[in-house]
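Chemist: Structure, please.
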Amino acid sequence: MQIPKGKKIYFASDNHLGAPTKEASLPREKKFVAWLDEVKKDAAVIFLLGDLFDFWMDYKYVVPKGFTRTLGKLAEISDAGIPIYYFVGNHDLWMDDYFETELNIPVYHKPKEFTFNNKTFFIGHGDGLGPGDKGYKRMKKVFTNPVCKWLFRWLHPDIGVRLAQHLSVKNKLISGDDDAKFLGEDNEWLVQYCKRKLETKHRHFFVFGHRHLPLNINLDNNSKYINLGDWIQYYTYGVFDGENLELKKY
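Modeler: Numbers count the residues shown, from 1 in each chain. This next block holds a predicted model:
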């Protein structure tokens, strides 16, 4: 895909709307909606890299209550013909077809490669990739098991959503979140994952979320790893102008 002159690609991740409570996250939601309203003016594509909500579950007939401002703005942008791509994170693993059927937003459950202006991007949320983090990887297999998802759906939504929100905030193993401190390139597992991917195929940009740290790391002379940070502490996002990908703060 060639990006039209004057247009840009935007990336954001890890809003965790609803945490620690919906009331407490409302100012952050309003700020994110204001950002969406601003970037839609020159956006060619918008990528949302997961954990937009602190918990999300597509039941057969209902979805979690709230987040009307965000969903309405996404619908407006999508209806205007601006493509939005969504990658599920570890807090919204159970997103099914609601975004696709209601908002016309494709949903991806694994990292995916894109090419814009002859620049290759490898994009995903980032959870469960690279070496280590074995406890979370085992937990993710449980959560994504079709039988486990089917059993959870039998809980009344009032019970299921409350239980999931409690576990999301309280249990670090389930959330997959580490303390957001830079561990050095040798210990950052997403950096190691990107370097291993480069051994088999070159990509110009690896773009992930999940770490809640804004990072811009050169992997070699012509490849970068970008972590988008979050919309809790940093309010950072990525923007590609057709040639360069930069991190910016809103």
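Chemist: Strands along the chain, start to end?
Modeler: Here the chain has its strands, by DSSP state E, at 8-12, 43-48, 84-87, 107-108, 112-116, 119-123, 205-208, 214-220, 223-228, 236-240, 245-249.
Chemist: partners of the shortest one in the sheet?
Modeler: Strand 107-108 has the following strand partners under DSSP bridges: strand 84-87 (parallel).
Chemist: can you point me to the longest helix in the chain?
Modeler: In terms of residue count, the longest helix belonging to the chain (DSSP state H) is helix 22-39.
Chemist: so how many other residues sit close to the residue found closest to residue 79 once you drop the neighbours it is linked to in the chain?
Modeler: If the residues on either side of it in the chain are set aside, residue 79 comes closest to residue 104, at 7.8 Å by C-beta to C-beta, 6 or more residues apart in numbering. C-betas here are computed from N, CA, C, even on glycine. Burial of residue 104 is recorded as 14 neighbouring residues (other C-beta atoms under 10 Å).
Chemist: and residue 104, what pLDDT?
Modeler: The confidence metric pLDDT takes the value 97 at residue 104.
Chemist: mind checking how far it is from residue 234?
Modeler: Residue 104 sits 29 Å away from residue 234, taking C-beta to C-beta, to the nearest Å as the criterion.
Chemist: Please verify my assumption that residue 228 contacts residue 246.
Modeler: No - applying C-beta atoms under 8 Å as the test, residue 228 and residue 246 come out as separate, 11.4 Å apart.
Chemist: In terms of neighbours, single out the busier of these two.
Modeler: Neighbour tally, residue 228 and residue 246, criterion other C-beta under 10 Å: the higher count belongs to residue 228, 29 against 11.
Chemist: nearest residue to the more buried one other than its sequence neighbours?
Modeler: Per C-beta to C-beta, 6+ apart, closest to residue 228 is residue 13, 4.2 Å.
Chemist: Now do the contacts for that neighbour.
Modeler: Contacts here follow C-beta atoms under 8 Å, 6 or more residues apart in numbering; on that basis residue 13 touches 48-51, 89, 125, 208-210, 228-230.
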